[in-house]
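In: Provided below for reference: sequence and predicted model.
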Amino acid sequence: MTGLRRSMSTLLSALSTSGMRRTLLGYLAFATTEWAAWVAILVYAYQQGGTAAVGLVAVVQLVPAIFTAPIGSTLSERLSRQTAVVVAYGVLATSMAALWLSLAAHGPTWSFYLAAIVSNCAVTLCRPAHYAALPRLADSAEELVAANSASSTLENLGVFAGPALIAVVIPWLGLSAVFLVLAGIVVVAVISIATIKTGPLTAAAVELHGDDAEPGSFLDDAAGGLRELRSTPGASTLLGLIGVQYVIVGMLDVLGVIFPQDVLGTGPSGPSVVIAASGVGGLLGAAATVLLVGRRRMTPAFLAGFVGAGLFLALVSVSQVLATAALLAGLSGFSRAFIDVAGRTLLQRTVREDTLARVFGVQESVLMTGLAVGSVIAPVSVLLAGARGAFVIAGVVPVALALLAWPSLRRLDRQAVLPGPEFAVLQSVSLFRPLPQARLELLSRTTIATDVEPGHVVIREGEFGDKFYVVAKGEVSVVRGAREVVRLAAGEHFGEVALLRDAPRNATVTATEPTRLLVIDRDDFLSAVTGSSLSHDATEHIVQQRERPAGDEDTGPRT
């Protein structure tokens, strides 16, 4: 329950200001719409053409999205961050309205599927635009970290809320009404986000960064990630297994629509119950992965996740009632959370840091491809082995592949770069508590400890700021002008505002006793708190801070 309490605490912290609150609630509206529309579209396909149509429609939606996804990363560079979110959500709302209109007006089937393709492409625009917008809205480093963590929590919540919504709407109002409700939800989010007041860039930010550099092509970046994976023993195997898991997720999207209606006879609301249960399991599993914090070896958790996800999915085949199928799907979703977290952590521990973004770019393509392949395999499995047999195939095959890959995964674990010696101290810093373990581990490996004597000036008011500091032991005095405003002890931090604002230091910090400081470079700090390797995106937008009492701008404690 500790992980769940931490998730809720993070969510409440991120919702503390109006602009961030509206942005995060808008993201929940997006995540709910994404999953509700996906399930509702597949239910419609099943009604129109049965099992084969479900798989075909899933693939038809996914393939264009694979090519649209790179656009999402550039949308926020060509528009303002806020405008990019409004445009992306606006396209999504329009596609929902088009889906409703196609059904309500009894239009041709192709018009419905065309709107479905547009909606799935819009999804690939919304997520990058949201994460690029967060730094502009955060009032402090703590709030930015909380907002990134809260976004992940809300995304998992949407996996449950979307299918749960259509389970309620379809029996009362019918399938077409689902899309009208979703269009209304997203329109409210668009209006709310469009009216958020944000400030202009500071002159310091513009002077420091200048014009954005031209990004490399998507193919060049992907090639760099592929080269790194090939050169790291075991990394390709790990990524391949993650891809296999998403093949199973793609199969489950299809089987979750077919099985309740075809085998259990639940009607069109049954699929949403099964898929929502999987989402609840994933949400609880994500909270439970806090158990992995500080663990040296990740492959046991990765393999256990594979075995649990597979076996629970295979057991769905013997379900006779909807409640049992939903429970087993939830347990499978719970196990998959450990695959995601352990697998991502292993990649971050083993590949070179300068290629990490490109490696995850390759992973994103693998995930989308896996979903498409699973959507093709699922109806074929049903035709060959029946709906129950298809669940056995979906559960047993990935477990067998993971067991075969176990020796390679163990080698990967042995060569992993472990957390730095300052990991435990960074864990205790309130600013970093919402960070995922993998990101904090990465930060700990670049953190340097330094000892200073009493009277040593750590930073001086007016000078350029390029480092963030944590007091590991001892004490420092913060002086603004000629007045001491605060003293910081072990576990407290300072220096973040100058980094976030691209502004000079606004105070002088001096050691008052023998003190050990943990020093983190500007780019490493910004990369950690924003979740992005591009420090420009982190710094150019966090410029409008709320009014704070004197002595509260460049120090760790918030009074």
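Out: That came in fine, so what should we check first?
In: any weak-confidence spans in the stretch 251-400 of the chain?
Out: The model of the stretch 251-400 of the chain has pLDDT under 70 over residues 269, 290, 293-294, 348, 351-364.
In: can you list the low-confidence ranges for the stretch 451-559 of the chain?
Out: Residues of the stretch 451-559 of the chain meeting the criterion pLDDT under 70: 501-502, 530-559.
In: run the last query once more with 90
Out: 459-467, 472-473, 480-486, 489-507, 521-559 (pLDDT under 90).
In: quick one: the helices in the stretch 151-300 of the chain, in order.
Out: When secondary structure is read from DSSP state H, counting those that start in this stretch, the stretch 151-300 of the chain shows helices at 175-194, 203-209, 218-231, 235-262, 270-288, 299-315.
In: Serialize those to JSON lines and add fields for distance to Thr17 and mean neighbour count.
Out: Every C-beta, even on glycine, is put in place using the N, C-alpha and C of the backbone. Shown next, in JSON lines, are those (distance: least, CB to CB, whole Å; neighbours: other CB atoms under 10 Å):
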{"stretch": "helix 175-194", "distance to Thr17": "14", "mean neighbour count": "20"}
{"stretch": "helix 203-209", "distance to Thr17": "21", "mean neighbour count": "14"}
{"stretch": "helix 218-231", "distance to Thr17": "34", "mean neighbour count": "16"}
{"stretch": "helix 235-262", "distance to Thr17": "35", "mean neighbour count": "24"}
{"stretch": "helix 270-288", "distance to Thr17": "25", "mean neighbour count": "25"}
{"stretch": "helix 299-315", "distance to Thr17": "36", "mean neighbour count": "22"}
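In: of all these, which lies closest to Phe464?
Out: Nearest of the helices of the stretch 151-300 of the chain to Phe464, taken as CB to CB: helix 203-209 at 9.5 Å.
In: ok so, going back, closest to Arg410 out of the helices of the stretch 151-300 of the chain?
Out: Taking the helices of the stretch 151-300 of the chain one by one with CB to CB, helix 299-315 is closest: 5.8 Å.
In: please export the C-alpha coordinates of that closest one as CSV.
Out: Output of helix 299-315 as CSV, limited to C-alpha atoms (Å, rounded to 0.1, in the frame of the first residue of the first chain):
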residue,chain,number,x,y,z
THR,A,299,15.7,-10.2,-14.2
PRO,A,300,13.9,-12.3,-11.4
ALA,A,301,11.2,-9.7,-11.3
PHE,A,302,11.1,-9.5,-15.1
LEU,A,303,10.7,-13.3,-15.4
ALA,A,304,8.2,-13.5,-12.6
GLY,A,305,6.1,-10.8,-14.4
PHE,A,306,6.2,-12.9,-17.6
VAL,A,307,5.2,-16.1,-15.8
GLY,A,308,2.4,-14.4,-13.8
ALA,A,309,1.0,-12.5,-16.8
GLY,A,310,1.1,-15.6,-19.0
LEU,A,311,-0.4,-18.1,-16.6
PHE,A,312,-3.2,-15.9,-15.4
LEU,A,313,-4.1,-15.1,-19.0
ALA,A,314,-4.1,-18.8,-19.9
LEU,A,315,-6.4,-19.5,-17.0
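In: so what does that helix touch, helix or strand wise?
Out: helix 235-262, helix 322-350, helix 356-404, helix 406-415 (3 or more CB pairs under 8 Å, 6 or more residues apart in numbering; DSSP states H and E).
In: what do you get if the cut-off is 7 Å, keeping everything else the same?
Out: On a contact count with 3 or more CB pairs under 7 Å, 6 or more residues apart in numbering; DSSP states H and E, helix 299-315 meets helix 322-350, helix 356-404, helix 406-415.
In: in its sheet, which strands sit next to the host helix or strand of Val478, and in what direction?
Out: Here Val478 sits within strand 475-480, counting by DSSP states H and E. Sheet pairing of strand 475-480 (DSSP bridges) gives strand 483-489 (antiparallel), strand 508-511 (antiparallel).
In: as CSV, those with distance to Gly174 would be great.
Out: Below are these laid out as CSV (distance: least, CB to CB, whole Å):
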stretch, distance to Gly174
strand 483-489, 61
strand 508-511, 64
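In: most tightly packed of the ones you listed?
Out: Across the strands paired with strand 475-480, averaging neighbours per residue (mean count of other CB atoms under 10 Å) puts strand 508-511 on top, at a mean of 20.
In: re earlier: so which of the strands paired with strand 475-480 comes closest to Phe312?
Out: Proximity to Phe312 (CB to CB) singles out strand 483-489 among the strands paired with strand 475-480, at 47.9 Å.
In: can you tell me which helices and strands the top helix by length along the chain packs against?
Out: Determined from DSSP state H, the single longest helix within the chain is helix 18-78. Applying 3+ CB pairs under 7 Å, 6+ apart, we find helix 18-78 packed against helix 81-104, helix 109-137, helix 141-173, helix 175-194, helix 235-262, helix 270-288, helix 356-404.
In: which of the ones you listed sits closest to Leu517?
Out: Nearest of the helices and strands packed on helix 18-78 to Leu517, taken as CB to CB: helix 141-173 at 17.2 Å.
In: for that closest one, packing partners?
Out: By 3+ CB pairs under 7 Å, 6+ apart, helix 141-173 packs against helix 2-14, helix 18-78, helix 109-137, helix 175-194, helix 270-288, helix 522-530.
In: now what about the fifth one, what contacts it?
Out: By that I understand helix 270-288. 3-4, 7, 39, 43, 156-157, 159-160, 163-164, 166-167, 252, 256-257, 260-261, 264, 322, 325-327, 329-338 (CB atoms under 7 Å, 6 or more residues apart in numbering).
In: what is the burial count for the closest residue to Phe259 other than its chain neighbours?
Out: With sequence-adjacent residues excluded and distances taken as CB to CB, 6 or more residues apart in numbering, Phe259 is closest to Ala387, at 5.0 Å. Ala387 has 20 neighbouring residues, counting by other CB atoms under 10 Å.
In: then Pro108?
Out: Counted by other CB under 10 Å, the residues lying close to Pro108 total 10.
In: one more: the one 10 residues further on?
Out: Counted with other CB under 10 Å, the burial measure for Val118 works out to 19 neighbours.
In: ok, now how distant is it from Phe179?
Out: Remark: distance between Val118 and Phe179 (CB to CB, to the nearest Å) = 12 Å.
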